[in-house]
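# got a predicted structure plus its sequence, pasted below:
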Amino acid sequence: MNDEHYKRLEELVYRLVSSIPEGKISTYKDIAVAAGIPKASRLIGKILNRNPNPIVVPCHRVVRSNGSVGGYRFGTKMKVELLKREGIVINESNMKIVDFNRVRFKLIR
DNA sequence: CGATTGACCGCTA
DNA sequence: TTAGCGGCCAATC
């Protein structure tokens, strides 16, 4: 994978994440699959970590595939707050999304 | 160069 | 159900 491919991958990831509507969430794994790199879910986190525009790209709507909230550049607490604000219910004791499958957004391409 | 490090995943015991 | 562990891939050391 050269720089050109990688750059395109980043753009695709940001586009996919931006398509997640308010009140819905997706997972690092789902993004990886949609981006054509099903085994590189860790890479998705890495890309989102240096998200150039956190305001535009709602990267807080991306959680772990097991339903737990996962990490966030500005702290897990902030991520939880943002999600709650959008109507996502979170079990604070185990940091898991309540009704995980119900609020899961199906990515389009 | 090789080793380590993440906003992770899935198998196995 | 949970914890441990190997695998994954690019960046960083």
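Received, thanks.
# what about residue A:18, how many residues nearby?
Using other C-beta atoms under 10 Å, residue A:18 has 13 other residues around it. Glycine gets a C-beta too; all of them are placed from N, C-alpha and C.
# show me where chain A has its helices.
Secondary structure of chain A (DSSP state H): helices at A:3-18, A:28-34, A:41-49, A:76-85.
# just put those helices in a markdown table and tack on mean pLDDT and distance to DNA strand C.
Listed next are the helices of chain A as a markdown table, based on pLDDT from 0 to 100; distance: least, C-beta to the nearest atom of the strand, whole Å:
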| stretch | mean pLDDT | distance to DNA strand C |
| --- | --- | --- |
| helix A:3-18 | 92 | 6 |
| helix A:28-34 | 97 | 9 |
| helix A:41-49 | 95 | 4 |
| helix A:76-85 | 96 | 17 |
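# for the most centrally placed residue in chain A, give its distance to residue A:3.
Centroid-nearest residue in chain A: residue A:62, 1.8 Å away (criterion: C-alpha atoms, centre = their mean). Using C-beta to C-beta, to the nearest Å, residue A:62 is found at 24 Å from residue A:3.
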